[in-house]
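Visitor: Sequence first, predicted model second:
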Amino acid sequence: MTADHRTLVDAYPPIGLRISAGPVELGGIDDDTAIELANLAADGVHPPDRMPFLHPWTLTTPDRFHVEFLRYHWGLRARFAPDAWSLDLAVRHDGELVGTQGVVTNDFRRTRAGETGSWLGLRHQGRGIGTLMRRTLCAFLFDELGFEQVTSSAFADNVASNRVSLAVGYRPNGTHRSARGEGWATNNDYLLTPDALVRPPALSVQGAEPLRRFLGLAEAAPNG
Ligand SMILES: CC(C)(COP(=O)(O)OP(=O)(O)OC[C@H]1O[C@@H](n2cnc3c(N)ncnc32)[C@H](O)[C@@H]1OP(=O)(O)O)[C@@H](O)C(=O)NCCC(=O)NCCS
């Protein structure tokens, strides 16, 4: 074994990614950030009677909530591989931690496609942050990782999420049913292509090249 000593970010580049646009910064989630996010989510993400998530993670009992939140993020790291990865980023607005914005992919090197998902702490909702953070991530995905399609899906009664998709430039792309509570609910599907993106303010990006190499995309880097 040669002495090849690395930092955490050298070994796992998603943690070193930083994308800024105007007042919003999206950044990799280390353990300190993950527990801060767990505390933010524990303060509330949605009214108790309106579940916005396909997997109702916010219903975890208080004694298990933080550790299950951490286990979810540890699981994303443990499974992160070139052909199936989820990049979940912490969102800061004017420096304050407000939520997460992510994308999940399968067979990305063939499909060039992925699906976005996000949440904000209740007290940070309805101020335009959700729209800006999604525009920012999508611009990064198209510009720096070579995405050709981004999809999203929201329960039909989740007004804010549906409106964010439209405000970012996604087009309606049908509906499907998903299990919800004891029954089912309609999900609206959306599709975004690079030409339709309503762009955020100019992006400033750190850590894209190591991430592209980690994803097996170095030779395909549009700007690299
Ligand atoms: C979905 C979410 C990320 C959107 O972020 P946000 O910052 O609240 O949304 P914005 O302030 O950017 O608003 C986007 C649009 O939704 C509208 N909107 C926001 N909250 C609303 C509400 N409670 N009721 C009706 N409309 C709402 C805004 O007026 C705006 O509409 P416009 O583009 O026509 O002007 C955020 O509300 C959230 O975290 N919700 C709970 C978790 C969730 O639903 N995640 C997505 C699961 S699919």
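Guide: Looks like it came in fine.
Visitor: Show me the shaky parts of the chain.
Guide: Filtered on pLDDT under 70, the chain yields the residue ranges 1, 219-224.
Visitor: Taking it, what residue is nearest to the ligand?
Guide: Closest to the ligand within the chain is Gly130: 1.8 Å, counting by C-beta to the nearest ligand atom. C-beta here means a position set from N, CA and C on the backbone, and glycine is covered the same way.
Visitor: Quickly find the element holding that residue.
Guide: helix 129-144 (DSSP states H and E).
Visitor: before we move on, the earlier item: hang on, the residue of the chain closest to the ligand packs against Leu120?
Guide: Yes - under the criterion of C-beta atoms under 8 Å, Gly130 makes contact with Leu120 at 5.9 Å.
Visitor: contacts for stretch 102-118?
Guide: 82-89, 91, 99-101, 130, 133-134, 137-138, 141, 146-153, 215-217, 220 (C-beta atoms under 8 Å, 6 or more residues apart in numbering).
Visitor: rewinding a little: against which helices or strands is the helix holding Gly130 packed?
Guide: Here helix 129-144 touches strand 18-21, strand 24-27, strand 84-93, strand 96-106, strand 113-120, strand 149-155, helix 159-168, helix 208-214, going by 3 or more C-beta pairs under 8 Å, 6 or more residues apart in numbering; DSSP states H and E.
Visitor: Going by neighbour count, list what's buried in it.
Guide: Going by neighbour count (16 or more other C-beta atoms under 10 Å), the buried part of helix 129-144 is 129-144.
Visitor: same deal with stretch 44-55?
Guide: 45-46, 51-52.
Visitor: Kindly report the same for stretch 69-77.
Guide: 69, 72-73, 76-77.
Visitor: I'd like the distance from it to the chain centre, please.
Guide: Distance of stretch 69-77 from the chain centroid (C-alpha atoms, centre = their mean, to the nearest Å) equals 14 Å.
Visitor: got JSON lines for the buried residues of stretch 69-77, with distance to the ligand and secondary structure too?
Guide: Putting the buried residues of stretch 69-77 into JSON lines (distance: C-beta to the nearest ligand atom, whole Å; DSSP: H, G, I helix; E, B strand; the rest coil) gives the following:
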{"residue": "Phe69", "distance to the ligand": "14", "secondary structure": "helix"}
{"residue": "Tyr72", "distance to the ligand": "15", "secondary structure": "helix"}
{"residue": "His73", "distance to the ligand": "17", "secondary structure": "helix"}
{"residue": "Leu76", "distance to the ligand": "17", "secondary structure": "helix"}
{"residue": "Arg77", "distance to the ligand": "22", "secondary structure": "helix"}
